[in-house]
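Trainee: Okay, predicted coordinates and the sequence, questions at the end:
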Amino acid sequence: MRYFQFCLVLLCRNIGAVIYFFCGVSGWARARWRRRCGGGAATCARDCKRSPTPEEHARSQHAPRRTIARYTMLNMKLKERLALAISASLILFTLMLVVDLQMDYGISGHRVPLHGRVRIGDVEDKGRSAYIEFRKRFLQKSNSSNGSREYEQSAQAETSGLATDVEPRTPAPPADKFDDLQQILFAQLQGSAFDNAVVIPPHRDLNVLRPENPTIGEMEDLELSVNASNLEKFQLKIAQHELYEDGEILVEAILKDMATLPVLHAEQKEGGTQLKLIIDYPNGVQALFKPMRFARDVQTLPNHFYFSDYERHNAEIAAFHLDRILGFRRAMPVVGRVLNMTTEIYDVTEGDILKTFFVSPANNFCFHGKCSYYCDTGHAICGNPDMLEGSFAAFLPSSDVAERKVWRHPWRRSYHKRRKAQWELQSDYCDTVRTTPPYDSGRRLLDLMDMSIFDFLTGNMDRHHYETFKMFGNETFTLHLDQGRAFGKAFHDELSILAPLLQCCVVRHTTLATLLKFVNGVPLSGTLRESMKIDPVSPILWEPHLQALDRRVVIVLDAIRKCVEKANNPLQNEINDFV
Ligand SMILES: Nc1ncnc2c1ncn2[C@@H]1O[C@H](COP(=O)(O)OP(=O)(O)OP(=O)(O)O)[C@@H](O)[C@H]1O
Ligand SMILES: [Mn+2]
């Protein structure tokens, strides 16, 4: 701001100077013209162009400085004066433009303030952009008294040491049982309400129908060797519609392997923004290791964007359990383990990473590896003193066996601190997506709706891309990979993560049924807490994060309800939107 004030002062002074120059010089010149050229116009024309005589020059030596300047100006050729005037005007104009762009006065016609808040909604939107509509329709105007409003409480310390202060608690049963939504599900199971525009019945959902569901082993004609590891068996059983079957016993076996088998080798994984290690166990078993950086109750720094947030190893563990509980089974099994940094990392690795190990002033063993962010001494990963906790995600099949396709997420964020993504500016964004392959048919759009609900529950804003297995084509599930930035804010529900659901207003019957189960039975927090108890580094989540899940389930259900209401009565809701 001070800079702009300075610019303004400068601008005024410049304008003053130029006015003075033109008025002063021209007035003085006219006087001289009359005084010196009292004769005819012809003499004048000749005389006025001449150089000063020696007497005049001598006189001017004693003249005050200002007079000298005026004299010089007068004696400039017309062309020079013109050039000077044009340069001054150009400088002035540039200055005015700079000031205008910064202050958004509108002189330049440039209407986007550089530092101001970017307006949400395109011209056609007339203020009915995704967020505005969403906040208005789904939350602020919500008449359900179940606490489904956006909940933001910063009173609790962002980085507190209160993990043990917060006791597990069973939330009071929500007043609203969402009977209206239950009825839709019931009707669909009874063979009616198939035309519901929001809830997609099982017989129209390819994830339920699964006319074909081959496994990677079948597709590639691969036979298991006699001494095949649990992971290898698991990988070959990955099917077109899910990573593993409900109740698959290999999941527990893999978790146990990763938590107990000896570590043979550790190596930094290339790519990605933060440090990860590839861990080798006997028999070809591999895991992706993400190290612990903070205690469970340390939350996303308030001034950090989602893209500069640290990854949390416990978020990966919790997300795997949650994905399984929700019945998606699209996340690889993840387990926690404490490693001895000396014998299980330093001694079994090689190359450049070794040079990044050091002992901290607190006498802890640390390393930072090499990566694009947070891989320096200031962001080192330290043991206690050399014991380091981390998450171990079962490795996906190698690309030789099952190549993956990386897709740009249609609701990807801009990953820029000022810019907005298209979906944030266009309220009918979903119309564009749902008419574009592979979202125009099959299961893909519904998978993105599931992913949006999954990410909203965990608070993961980092869904820039997603992956699928190439061999299954487009009719396959979307992998839930990379949940490292989930569970960062326990007291804030990030509504924008629900944008895909809110803009498209479609959801699987099965997903809705699962969510409703948690408001009418054991709450999600209790189910997840129970599931994560078996993990070696339990408790996995800080209690406020578990409580947030119950709150967010209600928000998702409330959003689905409003979608149904709008679909049933589009005109009335259209009107209500503007009230
Ligand atoms: N379980 C796994 N097995 C094998 N490869 C994996 C596994 N999980 C993730 N990957 C691969 O590693 C890549 C990076 O992993 P991840 O996204 O978790 O790390 P990241 O550092 O957070 O990356 P980014 O900063 O790009 O989000 C993924 O895009 C994926 O291709
Ligand atoms: Mn990531």
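Mentor: On my side now, so go ahead. Residues are numbered from 1 along each chain as shown. Ligands and ions are numbered 1, 2, ... in the order given.

Trainee: In the protein, which residue sits nearest ligand 1?
Mentor: residue 272 (2.6 Å; Cβ to the nearest ligand atom). From N, CA and C alone the C-beta is placed, and that goes for glycine too.

Trainee: how many neighbours does that residue have?
Mentor: Counted by other Cβ atoms under 10 Å, the residues lying close to residue 272 total 16.

Trainee: Residue 509 against residue 207, yeah?
Mentor: No: with contact defined as Cβ atoms under 8 Å, residue 509 does not reach residue 207; the gap is 10.3 Å.

Trainee: Enumerate the residues of the chain near ligand 2.
Mentor: By Cβ under 5 Å from the ion, the part of the chain that sits against ligand 2 consists of 482, 484.

Trainee: Look up the closest residue to the residue of the chain at minimum distance from ligand 2, ignoring the ones flanking it.
Mentor: Nearest residue of the chain to ligand 2: residue 482, at 4.3 Å (Cβ to the ion). Spatial nearest neighbour of residue 482, chain neighbours left out: residue 462 (7.0 Å); criterion: Cβ to Cβ, 6 or more residues apart in numbering.

Trainee: Give me the phi and psi for that neighbour.
Mentor: Main-chain dihedrals, residue 462, degrees, to the nearest 10: phi -100, psi 40.

Trainee: which residues sit against stretch 347-355?
Mentor: For stretch 347-355, the surrounding residues in contact (Cβ atoms under 8 Å, 6 or more residues apart in numbering) are 263-268, 277, 346, 367, 369-370.

Trainee: let's see it at 7 Å
Mentor: If you take Cβ atoms under 7 Å, 6 or more residues apart in numbering as the criterion, stretch 347-355 is touched by 263-268, 367, 369-370.

Trainee: How far does the helix or strand encompassing residue 553 sit from its chain's centre?
Mentor: Taking DSSP states H and E as the criterion, residue 553 maps to helix 543-568. Put simply, helix 543-568 sits 21 Å off its chain's centre (Cα atoms, centre = their mean, to the nearest Å).

Trainee: Make 14 the first number, not 1, from now on.
Mentor: With 14 as the first residue, the last one maps to helix 556-581.

Trainee: The spatially closest residue to residue 501 that is not a sequence neighbour: how many residues sit nearby?
Mentor: Spatial nearest neighbour of residue 501, chain neighbours left out: residue 313 (3.5 Å); criterion: Cβ to Cβ, 6+ apart. Residue 313 has 22 neighbouring residues, counting by other Cβ under 10 Å.

Trainee: With residue 206 instead?
Mentor: For residue 206, the neighbour count with other Cβ under 10 Å is 16.

Trainee: show me the contacts for it.
Mentor: So residue 206 contacts 197, 200 (Cβ under 7 Å, 6+ apart).

Trainee: Please apply the same query to the one 3 residues further on.
Mentor: For residue 209, the contacting residues are residue 197, taking Cβ under 7 Å, 6+ apart as the criterion.

Trainee: Doesn't it belong to a helix?
Mentor: No: counting by DSSP: H, G, I helix; E, B strand; the rest coil, residue 209 falls outside a helix, being coil.

Trainee: Just name the shakiest helix or strand of the chain by mean pLDDT.
Mentor: Lowest on mean pLDDT, DSSP states H and E among the helices and strands of the chain sits helix 54-60, with a mean of 37.

Trainee: The residue nearest to residue 495: how many residues sit nearby?
Mentor: 20.

Trainee: Check whether it really touches residue 319, as I assumed.
Mentor: Yes: contact criterion Cβ atoms under 7 Å: residue 475 and residue 319 qualify, at 5.5 Å.

Trainee: joint contacts of those two?
Mentor: With Cβ under 7 Å, 6+ apart as the test, residue 475 and residue 319 both reach residue 498.

Trainee: Within range of ligand 1, give me the residues from the protein.
Mentor: Counting by Cβ under 6 Å from any ligand atom, the chain comes close to ligand 1 at 285-287, 289, 301, 324, 345, 406, 408-409, 494-495, 497.

Trainee: For the stretch 464-592 of the chain, which residues score under the pLDDT cut-off?
Mentor: Counting by pLDDT under 70, the stretch 464-592 of the chain shows low-confidence ranges at 585-592.
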